[in-house]
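> Below: sequence and its predicted model.
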Amino acid sequence: MATFGTLSDRLTETFRNLRTKGKLTPADVDGTVREIRRALLDADVALPVVKEFTAKVRERALGDEVNRALNPAQQVVQIVNEELVGILGGQQRRLQFAKTPPTVIMLAGLQGSGKTTFAGKLAKMLEKDGHTPLLVACDLQRPNAVNQLQVVAERAGAAIYAPEPGNGVGNPVKVAKDGVEYAKQKQHDIVIIDTAGRLGVDADLMKQAADIRKATDPDEVLFVIDAMIGQDAVNTAKAFQEGVDFTGVVLSKLDGDARGGAALSVASVTGRPIIFASTGEGLDDVEPFHPDRMASRILDLGDILTLIEQAQSAFDEAEAAKMAEKLATEQFTLEDFLEQMQQLKKMGSMKKMLGMLPGMGQMKQQLDDFDEREIDRTEAIIRSMTPGERRNPKILNGSRRLRIARGSGMTVTDVNQLVQRFEQAAKMMKTVARGGVPNIPGMGPVPGGGRPGASAKRGKQSKAQKARQGSRSGNPAKRAAENAGLGGQSATPTGSGFGLGGGQQAPSEADLAELQKLLGKN
């Protein structure tokens, strides 16, 4: 995530220097803790949190668990990871639903923190899980806040209750209370109340939020905080905790380029868990917050579990089985290639997905240079082809490729490169589908035959087994000599007069006679 990019770079560099040491001295530990402290302070993490964090890391790093470890440097990295999970909240906390519907979720926070957008994101996420959320417009202060929520609700496909026009008109406490009653009548099982914010914490804001909470008795009060707000995040969180007493935190704008470390302090300072993380402007750019996974991302250890979950939600099992069958029967076409790219686009940003892989922090420049529009260009080229050309790219002659290039706004070279890449990819996939060895360009065949447990030894053993069956040469003298040589290599010689192993048969009389003739000629 971009917000924690600087912190991630600093910590990764610190551990890279640490891994070169076979044994850690107290001076090494002190130097590492000093660098971690600087990295956290530079990232705007609150000072009390930094002091507590570094003290725990130093105490554990100098303890027996590191001294007795086979690799002390890796043990220190693990300690930092565990303590980082601790300041992020420890265990993941899910939404608490009411025993009797509707479940009331109230959103609170400063103006501009992303409450209204998050309301739509949360509604869409809950709809995917089979719920029927209702958005209630209680931000009657900010200009056009009601209209914005109506647009967000329409995009999310969620119902909305907005009896007042807003822009300073209407009673937000009454709207919130009536919204809960409306949800009961229309059988909505979740109510999401979007409240007003201010540019700063003031008495009117806190009184209104407290009155709405008292009138609706929400099951969850989520404090939405901008991850780029800086050190003021801690003070703002404390003020809302005293005035409204929220039950969970939502980190928004994690895709920004600010340092964002202050957001890491909120869970530790308030004692309230972070429940959701918002990572973009799209309504799908929100995910449940996992402290252990976020810690892994910050330390550049990757987040494979989240990547797998996104893939499972985007890919259709029936389509995947159908595609596997086409690969096995060598029927993979450009139409199938196009479908695969569209499946990838459903998963979201390719940069975000690649960023979840371990060690990708060291390839930041390559990630920044990655052009996600390349998928759109490839799609444009394929869509400019006729169905027959997609099914059989071999018919693409010069004139056809020129027509496709003009139709897609690309060049003939781009079309040629796409066809070449597709042919290489199809060839590799067909080889793997048959259980063969993929021949990677520039690398040759993959060792091991591409099958579990396969190795080069197995091929040598099969040759030895063929050799033990005896020579098949048509020349009797050569056959006898080869069999004799084979017998001499036997692990259990029997002392036969011809030097053959016990498992081999002696030459026949005809072979001996033929051998005698050959020797006589010589």
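Thanks, I have it.
> Could you check which helix or strand contains residue 142?
Assigned by DSSP states H and E, residue 142 falls within no helix or strand.
> How much space separates it from residue 63?
52 Å (C-beta to C-beta, to the nearest Å). Backbone N, C-alpha and C define where each C-beta goes, glycine included.
> If you count surrounding residues, which of the two has more?
Taking other C-beta atoms under 10 Å, residue 142 and residue 63 do not tie; residue 142 has more neighbours (17 against 12).
> ok, the more buried one touching residue 197?
Yes: under the criterion of C-beta atoms under 8 Å, residue 142 makes contact with residue 197 at 7.3 Å.
> Quick check: neighbours shared by those two?
residue 111 (C-beta atoms under 8 Å, 6 or more residues apart in numbering).
> Averaged pLDDT, the lengthiest helix in the chain. What do you get?
Among all segments of the chain classified by DSSP state H, the helix with the greatest residue count is helix 412-433. For helix 412-433, mean pLDDT rounds to 79.
> elements contacting it?
Helices and strands touching helix 412-433, by 3 or more C-beta pairs under 8 Å, 6 or more residues apart in numbering; DSSP states H and E, are helix 317-328, helix 334-346, helix 373-383, helix 398-408, strand 439-440.
> Now with 7 Å, please.
helix 317-328, helix 373-383, helix 398-408 (3 or more C-beta pairs under 7 Å, 6 or more residues apart in numbering; DSSP states H and E).
> which residues sit against stretch 96-106?
Defining contact as C-beta atoms under 7 Å, 6 or more residues apart in numbering, one finds that stretch 96-106 is touched by 180, 183-184, 188-193, 195, 212-213, 216-222.
> List only buried entries from these.
180, 183, 188-193, 195, 212-213, 216, 218-222 (16 or more other C-beta atoms under 10 Å).
> Next, count neighbours for residue 141.
By other C-beta under 10 Å, 20 other residues sit near residue 141.
> quick one: it and residue 10, what's the gap?
41 Å.
> Check residue 95 too.
Residue 95 is 34 Å from residue 10, by C-beta to C-beta.
> low pLDDT regions in the stretch 51-200 of the chain?
64-72 (pLDDT under 70).
> send the alpha carbons of stretch 207-227 over as CSV?
Taking Å, rounded to 0.1, in the frame of the first residue of the first chain, the C-alpha atoms of stretch 207-227 are listed here in CSV:
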residue,chain,number,x,y,z
LYS,A,207,-23.4,16.8,20.5
GLN,A,208,-25.1,15.9,17.2
ALA,A,209,-23.2,12.6,17.0
ALA,A,210,-24.0,11.7,20.6
ASP,A,211,-27.7,12.5,20.1
ILE,A,212,-27.9,10.3,17.0
ARG,A,213,-26.2,7.5,18.9
LYS,A,214,-28.6,7.9,21.8
ALA,A,215,-31.7,7.9,19.5
THR,A,216,-30.8,4.9,17.4
ASP,A,217,-28.7,2.8,19.9
PRO,A,218,-26.4,1.4,17.1
ASP,A,219,-24.8,-2.0,17.2
GLU,A,220,-21.6,-0.6,15.7
VAL,A,221,-20.2,2.9,15.7
LEU,A,222,-17.4,3.1,13.1
PHE,A,223,-14.9,5.9,13.3
VAL,A,224,-13.7,6.7,9.7
ILE,A,225,-10.2,8.3,9.7
ASP,A,226,-8.1,9.6,6.9
ALA,A,227,-4.8,7.7,6.8
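> any idea of the mean pLDDT in that stretch?
90.
> rewinding a little: what about the contacts of stretch 96-106, which are in strands?
190-193, 195, 220-222 (DSSP state E).
> Next, count neighbours for residue 26.
Neighbour tally, residue 26, other C-beta under 10 Å: 10.
> got the phi/psi numbers for the closest residue in space to it that isn't next to it in sequence?
Spatial nearest neighbour of residue 26, chain neighbours left out: residue 62 (6.3 Å); criterion: C-beta to C-beta, 6 or more residues apart in numbering. Main-chain dihedrals, residue 62, degrees, to the nearest 10: phi -90, psi 0.
> Let me know whether residue 62 touches residue 29 as I believe.
Yes: at 5.7 Å, residue 62 counts as touching residue 29 under the criterion of C-beta atoms under 7 Å.
> Compare those two (neighbour count), which wins?
residue 29 (20 against 16).
> Against residue 292, how distant is the more buried one?
Where residue 292 is concerned, residue 29 sits at a distance of 24 Å (C-beta to C-beta).
> and the end-to-end length of stretch 224-235?
Taking C-alpha to C-alpha, to the nearest Å, stretch 224-235 runs 14 Å from one end to the other.
> How about it, which residues are buried there?
For stretch 224-235, by 16+ other C-beta under 10 Å, it's 224-229, 233-234.
> One more: stretch 271-279?
272-279.
> So which of these is the closest to residue 57?
Set against residue 57, the nearest of the buried residues of stretch 271-279 by C-beta to C-beta is residue 274 (21.1 Å).
> State the pLDDT value of the closest one.
For residue 274, the pLDDT comes out at 89.
> Sweet, I'm off.
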